[in-house]
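# Please find the sequence and the predicted model below.
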Amino acid sequence: NAGVIQTPRHKVTGKGQEATLWCEPISGHSAVFWYRQTIVQGLEFLTYFRNQAPIDDSGMPKERFSAQMPNQSHSTLKIQSTQPQDSAVYLCASSLGTGGSSYEQYFGPGTRLTVL
Amino acid sequence: AQKVTQTQTSISVMEKTTVTMDCVYETQDSSYFLFWYKQTASGEIVFLIRQDSYKKENATVGHYSLNFQKPKSSIGLIITATQIEDSAVYFCAMREADSNYQLIWGSGTKLIIKP
């Protein structure tokens, strides 16, 4: 059973360039989450999809960050005009569902984004 | 307010011993779920074990077990017969049933297993 797949594993961009990160959730999982992890801030929630629909993007920095889930097998996180403070590990996770059951989230290996 | 607190920033123990990592949480919900995750040196975050608030029995998976003390809002992780490869950062997390999806994370405890 393949876990959550994230590509690329590492990405280096210059300041002002665009970065697109990809996530393939575990097959059959209806919930997809994006997180950002830095040493200073720890794990930060960015956005959440349920059955491909965007449910909550309250953690997304406005204007430059966007996320999509065009089909059940992949989601993308796009950062426009990247800034050095965007440097972080971006993690995608998926779960069978949400709500009143204890669905744990399974994480991908992350994409380490470095903005020079 | 929802909050998860891990006060131990780092623990170091000898291989093959038992270690306990502490976690306390705050919630107003009567139904919630508690999780422990491990982040390895490579950065991979791995789900270890969970406890549902309505279950009185402590969860056990392999050499991981939980010490769930509901009146104290405490969920400790116990690792028995530790191995070198257990060295990692351990995160406690909580999800309220009503919140639907948001995981509230602790700050993590770094576990070092010495040979």
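Alright, I've got the coordinates.
# Which residues of chain B lie near chain A?
For chain B, the residues in contact with chain A (Cβ under 8 Å from any Cβ of the partner chain) are B:31, B:33, B:35, B:37, B:42-47, B:50, B:52, B:91, B:95, B:97, B:100-103, B:105, B:107-108. Where you see a C-beta, it was placed from the backbone N, CA and C, and this is true even at glycine.
# just checking, which of those belong to strands?
Counting by DSSP state E, the residues of chain B next to chain A place B:Phe33, B:Phe35, B:Tyr37, B:Ile45, B:Val46, B:Phe47, B:Arg50, B:Asp52, B:Phe91, B:Arg95, B:Trp105 in strands.
# ChimeraX command for the buried members of those residues?
To isolate the buried members of those in ChimeraX, using 16 or more other Cβ atoms under 10 Å in any protein chain shown:
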select /B:33,35,37,45,47,50,91,95,105
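# okay, who's weakest in the ones in strands among the residues of chain B next to chain A by pLDDT?
Comparing pLDDT over these, B:Arg95 scores lowest. The value there is 89.
# contacting residues for B:Ile79?
B:Thr18, B:Val19, B:Thr20, B:Met21, B:His63, B:Tyr64, B:Asp86, B:Leu111 (Cβ atoms under 8 Å, 6 or more residues apart in numbering or on different chains).
# and the last one, how many neighbours?
Read it as B:Leu111. When neighbours are counted by other Cβ atoms under 10 Å in any protein chain shown, B:Leu111 registers 21.
# Over to the fifth one?
B:His63 is flanked by 13 other residues according to other Cβ under 10 Å.
# In this structure it contacts B:Leu77, no?
No - taking Cβ atoms under 8 Å as the contact criterion, B:His63 and B:Leu77 are not neighbours in contact, 10.9 Å apart.
# Top of the contacts of B:Ile79 by number of neighbours, please.
Neighbours here mean other Cβ under 10 Å. Within the contacts of B:Ile79, the largest count is held by B:Met21, at 23 neighbours.
# So the residue nearest the centre of chain A: helix, strand or coil?
Using Cα atoms, centre = their mean, the residue of chain A that lies closest to the mean C-alpha position is A:Trp34, 3.0 Å off. Applying DSSP: H, G, I helix; E, B strand; the rest coil to A:Trp34 yields a three-state assignment of strand.
# One more: B:Glu85?
Secondary structure state of B:Glu85, per three-state DSSP, is helix.
# The residue nearest to the centre of chain A - nearest residue in space that isn't next to it in sequence?
If the residues on either side of it in the chain are set aside, A:Trp34 comes closest to A:Leu46, at 4.2 Å by Cβ to Cβ, 6 or more residues apart in numbering or on different chains.
# How many residues are close by the one you found?
Look at A:Leu46: counted by other Cβ under 10 Å, it has 20 neighbours.
# Write out the residues of chain A neighbouring chain B.
Near chain B, when you scan chain A using Cβ under 8 Å from any Cβ, you find A:31, A:33, A:42-43, A:45, A:48, A:50, A:55-56, A:89, A:91, A:93, A:98-100, A:102, A:104-107, A:109-110, A:112.
# Among the residues you listed, which ones are in strands?
Within the residues of chain A next to chain B, membership in strands is found for A:31, A:33, A:42-43, A:45, A:48, A:50, A:55-56, A:89, A:91, A:93, A:106-107, A:112, as judged by DSSP E.
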